[in-house]
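Visitor: sequence first, then the predicted structure:
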Amino acid sequence: MSPTPAVRAHDEPQNAFKETAAQFVAAATTELHGIRSRTEPEDLAAELDRLNSAVRASAGSISPYAQPADFLQSLLQQQDTSNEAVAVASRTHVPAGEPMSLAEAARRMASGELSAVQLTEQALARATQCQPTLNAFIEIWADKAMAQAHAADAERARGELGGPLHGIPLAHKDCFEIQGHAATIGSRARPAVPATTDAHAIQRLNQAGAITLGVLNLNEMVAGPTGQNPAFGDCCNALDPSRISGGSSSGSGAAVASGAVFGSLGSDTGGSIRLPASVHGLYGLKPTYGRISRAGCFPRAFSLDCPGPLARTAEDCAIVLEAVAGWDAKDPSTLPAPVPAYSALLDSAAEKSRIAVIGLSEADACHPEIAAVFTDFVQRAERSFGSVREVSFPQLAACYAMGDIISKVEAATLHGQWMRTSPDAYSQAVYSRTEPGLHVSAVRYLESLLVRARVLEEFLAGPMADHDILLCPTVPIPVPLRSEADMEKKGIVFGVVPQITRLTRPFSYLGVPVLSIPIGLDRNGMPVGAQVIGRPLSEARLLAFAHQMSRA
């Protein structure tokens with residue numbers, strides 16, 4: 001059936017504009033930026049049209065006095081007060097038969113049952129055993145780790161302890177600077193330069209006595225939700241290697257889930273900690289923006305990035321967070337707020353918390369399998385915490401779009417130098433995801449930054465007004481096969497990324513803390529995760545909620 005003249009009259013100008021836009025961006029990549037385009041012009045133009053339209057429709061009126069720095073002030077002014085709860089020591093132990101948690105390993109070392117050398121030998125054996133199948137590590141540092149373990153045991157014998165992390169084997173995403181090591185960032189495009197010092201978070205872990213087993217695989221340039229990496233090989237899911245491991249902190253998820261390490265630091269720009277945690281049945285915390293220093297952590301987007309822990313339990317996440325959180329003079333975005341004793345607050349900080357579920361529109365709705373598991377989890381939460389209401393958050397899609405624009409523009413600003421000199425060293429997926437940032441209007445980018453504080457305040461005065469915790473699924477679809485989510489296939493990347501990240505990226509834009517926790521299994525026996533979302537600096541409450549739900 002042919003279109004009516006009215007429809008043709010409406011469509012023809014739009015089609016003409018899209019054709020013109022495609023021609024412009026194809027030429028402008030080279031003419032304006034000196035970079036060779038590797039993305040289909042029509043795909044690039046369509047992505048730009050999507051981003052531009054979404055943000056232009058969402059920004060609304062902007063105060064002439066608004067500044068991007070207002071966002072950090074809002075985070076501090078609107079912070080949760082659960083950090084002030086009375087500290088009651090946690091006494092939870094991992095049941096027999098389950099993998100040993102970080103906290104349990106620390107307790108056994110304290111009692112003399114285990115040594116750091118024994119734990120490290122076991123961790124190295126497991127990492128080496130799993131590496132051919134999972135490819136979780138980029139490098140395993142056996143000699144260095146064993147030397148650290150012997151030193152940790154000697155320090156313990158002298159009574160020189162750095163806390164519960166003393167002698168605990170960890171490994172971290174290869175985007176953190178470690179002295180003497182040239183972080184790969186999972187890429188061949190960036191020149192490999194050995195670091196002269198450790199990232200701030202790594203320094204804090206070293207001071208706490210943690211052992212570094214090696215560095216972990218990731219999506220190239222910390223950009224991707226699947227664990228796919230053409231440069232260093234894909235990182236596979238520890239529970240089913242045929243399925244995605246999540247990303248971009250893919251190695252962190254696989255290494256912890258496989259039992260190679262007790263915990264890991266990842267980084268999260270739009271879900272990169274929460275996604276691998278969800279698909280591996282782990283706990284993964286994207287803290288409040290500015291809660292952990294980004295100094296020495298390679299960025300995807302400096303306005304959004306948050307380092308954070310992945311671990312097997314909420315208690316383990318609390319222990320790692322307590323070691324690395326806090327203000328840092330080398331990172332001006334860190335928040336000058338005290339760091340609570342998170343692990344000591346696990347039994348108290350969630351008391352009387354008011355819980356709500358974010359109602360999802362048809363466009364954002366989850367796969368029926370995920371929805372069923374999530375509904376069962378909400379019912380369990382209701383039995384523990386009382387009535388759970390549903391709240392509306394109509395700005396979810398707008399927050400996704402504004403976070404996406406910030407991420408793409410800031411990434412393009414950074415990567416332009418290497419896209420110019422080494423374009424073919426990038427995977428197609430990362431190149432295509434970054435290229436739109438070269439062409440996003442400066443107005444759209446600044447709108448996204450300037451309204452951020454206002455949107456945060458509207459979120460806190462809206463869906464969070466009468467609640468302390470909001471719940472939402474992490475990954476809205478069953479864990480995909482790697483073949484289904486192959487982002488190197490022509491034209492697929494702009495579909496795969498939002499399909500997986502559409503419920504995580506909005507909260508990165510808001511900057512609020514979000515903890516992904518395991519809540520059940522899909523029909524393939526793969527984990528399903530839920531996001532536990534709070535007010536700024538409410539990490540103590542979120543961890544305590546997760547801790548209590550793990551025992552419910």
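Guide: Received the coordinates, thanks. Numbers count the residues shown, from 1 in each chain.

Visitor: strands of this structure, start to end?
Guide: 137-140, 169-173, 211-216, 263-268, 283-286, 306-311, 355-359, 389-392, 469-473, 514-521, 527-534 (DSSP state E).

Visitor: looking at the ones you listed, which is closest to residue 462?
Guide: With CB to CB, the closest approach to residue 462 among these belongs to strand 389-392: 7.7 Å. The way it works is simple: take the backbone N, C-alpha and C, and place the C-beta from them, glycine included.

Visitor: which one of the strands of the chain lies nearest to residue 56?
Guide: Ranking those by proximity to residue 56 (CB to CB) places strand 389-392 first, at 22.6 Å.

Visitor: ok now stretch 119-135, how far from the chain's centre?
Guide: Put simply, stretch 119-135 sits 24 Å off its chain's centre (CA atoms, centre = their mean, to the nearest Å).

Visitor: repeat that for stretch 402-415.
Guide: Its chain's C-alpha centre and that of stretch 402-415 lie 16 Å apart, by CA atoms, centre = their mean.

Visitor: circling back to that earlier point, make JSON lines out of the strands of the chain and add mean neighbour count.
Guide: Shown next, in JSON lines, are the strands of the chain (neighbours: other CB atoms under 10 Å):
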{"stretch": "strand 137-140", "mean neighbour count": "20"}
{"stretch": "strand 169-173", "mean neighbour count": "30"}
{"stretch": "strand 211-216", "mean neighbour count": "27"}
{"stretch": "strand 263-268", "mean neighbour count": "30"}
{"stretch": "strand 283-286", "mean neighbour count": "34"}
{"stretch": "strand 306-311", "mean neighbour count": "30"}
{"stretch": "strand 355-359", "mean neighbour count": "21"}
{"stretch": "strand 389-392", "mean neighbour count": "13"}
{"stretch": "strand 469-473", "mean neighbour count": "25"}
{"stretch": "strand 514-521", "mean neighbour count": "25"}
{"stretch": "strand 527-534", "mean neighbour count": "27"}
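
Visitor: need those in CSV with distance to residue 426 and mean pLDDT, can you?
Guide: Shown next, in CSV, are these (distance: least, CB to CB, whole Å; pLDDT from 0 to 100):
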stretch, distance to residue 426, mean pLDDT
strand 137-140, 18, 98
strand 169-173, 19, 98
strand 211-216, 20, 98
strand 263-268, 19, 98
strand 283-286, 26, 98
strand 306-311, 24, 98
strand 355-359, 35, 98
strand 389-392, 40, 98
strand 469-473, 31, 98
strand 514-521, 29, 98
strand 527-534, 30, 98
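
Visitor: Serialize these to CSV and add fields for distance to residue 73.
Guide: Conversion of the strands of the chain to CSV gives the following (distance: least, CB to CB, whole Å):
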stretch, distance to residue 73
strand 137-140, 39
strand 169-173, 30
strand 211-216, 35
strand 263-268, 22
strand 283-286, 20
strand 306-311, 18
strand 355-359, 25
strand 389-392, 25
strand 469-473, 22
strand 514-521, 21
strand 527-534, 18
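
Visitor: which of those strands sits closest to residue 153?
Guide: Taking CB to CB, strand 211-216 is the member of the strands of the chain nearest to residue 153, at 10.6 Å.

Visitor: just checking, what packs against that closest one?
Guide: On a contact count with 3 or more CB pairs under 8 Å, 6 or more residues apart in numbering; DSSP states H and E, strand 211-216 meets helix 116-134, strand 137-140, helix 142-157, strand 169-173, helix 200-207, helix 250-258.

Visitor: what comes up buried for stretch 54-64?
Guide: Neighbour counts over stretch 54-64 (16 or more other CB atoms under 10 Å) mark 54-55, 58-59 as buried.

Visitor: just stretch 20-34 next, same as before
Guide: By 16+ other CB under 10 Å, the buried positions in stretch 20-34 come out as 21-22, 24-26, 28-29, 33.

Visitor: let me have these in CSV, extended by distance to residue 301 and pLDDT.
Guide: Shown next, in CSV, are those (distance: CB to CB, whole Å; pLDDT from 0 to 100):
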residue, distance to residue 301, pLDDT
21, 24, 89
22, 26, 91
24, 25, 92
25, 21, 91
26, 25, 86
28, 22, 93
29, 20, 94
33, 18, 96
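
Visitor: out of the residues you listed, which is nearest to residue 168?
Guide: residue 33 (45.6 Å).

Visitor: count of neighbours near the nearest residue to residue 460 once chain neighbours are set aside?
Guide: Distances taken as CB to CB, 6 or more residues apart in numbering put residue 78 closest to residue 460, at 5.2 Å, once the chain neighbours are dropped. As a burial measure, residue 78 scores 19 neighbours (other CB atoms under 10 Å).

Visitor: got a list of what residue 78 touches?
Guide: Contacts for residue 78 (CB atoms under 8 Å, 6 or more residues apart in numbering) come out as 456-457, 460, 535-536.

Visitor: kindly report the same for residue 134.
Guide: Neighbour list for residue 134: 235-238, 241, 245, 254-255, 258 [criterion: CB under 8 Å, 6+ apart].

Visitor: how near is it to residue 142?
Guide: Look at residue 134 and residue 142: by CB to CB, to the nearest Å, they are 17 Å apart.

Visitor: residue 181 too?
Guide: Distance check for residue 181 against residue 142: by CB to CB, it reads 15 Å.

Visitor: which of these two has more residues huddled nearby?
Guide: Ranked by neighbour count (other CB under 10 Å), residue 181 and residue 142 place residue 181 first, with 20 against 16.

Visitor: okay, now the nearest residue to residue 538 once chain neighbours are set aside: neighbour count?
Guide: In space, and not counting its chain neighbours, residue 538 is closest to residue 80: 3.3 Å by CB to CB, 6+ apart. Neighbour count of residue 80, defined by other CB under 10 Å: 23.

Visitor: what's near enough to touch the closest residue to residue 199 other than its chain neighbours?
Guide: By the measure of CB to CB, 6+ apart, the closest residue to residue 199 outside its immediate chain neighbours is residue 296, 2.7 Å from it. The neighbourhood of residue 296, defined by CB under 8 Å, 6+ apart, consists of 176-177, 195, 197-202.

Visitor: I'd like these laid out as TSV, including pLDDT and neighbour count.
Guide: Output for those, formatted as TSV (pLDDT from 0 to 100; neighbours: other CB atoms under 10 Å):
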residue	pLDDT	neighbour count
176	98	28
177	98	23
195	98	16
197	98	14
198	98	20
199	98	26
200	98	23
201	98	27
202	98	24
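
Visitor: shaky segments in the chain?
Guide: In the predicted model of the chain, residues 1-13, 82-98 satisfy pLDDT under 70.

Visitor: from the opening residue of stretch 435-444 to its closing one, how far?
Guide: Start-to-end span of stretch 435-444 (CA to CA, to the nearest Å) is 16 Å.

Visitor: do the same with stretch 205-214
Guide: Its first and final residues considered, stretch 205-214 spans 14 Å by CA to CA.

Visitor: rewinding a little: ramachandran angles for the residue nearest to residue 460?
Guide: The phi and psi values for residue 78, taken as degrees, to the nearest 10, are phi -100, psi 20.

Visitor: re the thing from before, and the contacts of residue 134, which two are furthest apart?
Guide: Spanning the widest gap among those are 241 and 255, at 13.7 Å by CB to CB.

Visitor: compare the two and say which one has the larger neighbour count.
Guide: residue 255 (37 against 16).

Visitor: right, and that one touches residue 170 too?
Guide: No: using CB atoms under 8 Å, residue 255 makes no contact with residue 170, being 9.1 Å away.

Visitor: what residues are shared contacts of those two?
Guide: Shared contacts of residue 255 and residue 170, counting by CB under 8 Å, 6+ apart, come down to 261, 264.

Visitor: out of the buried residues of stretch 54-64, who's nearest residue 466?
Guide: Nearest to residue 466 among these: residue 58, at 24.4 Å, using CB to CB.
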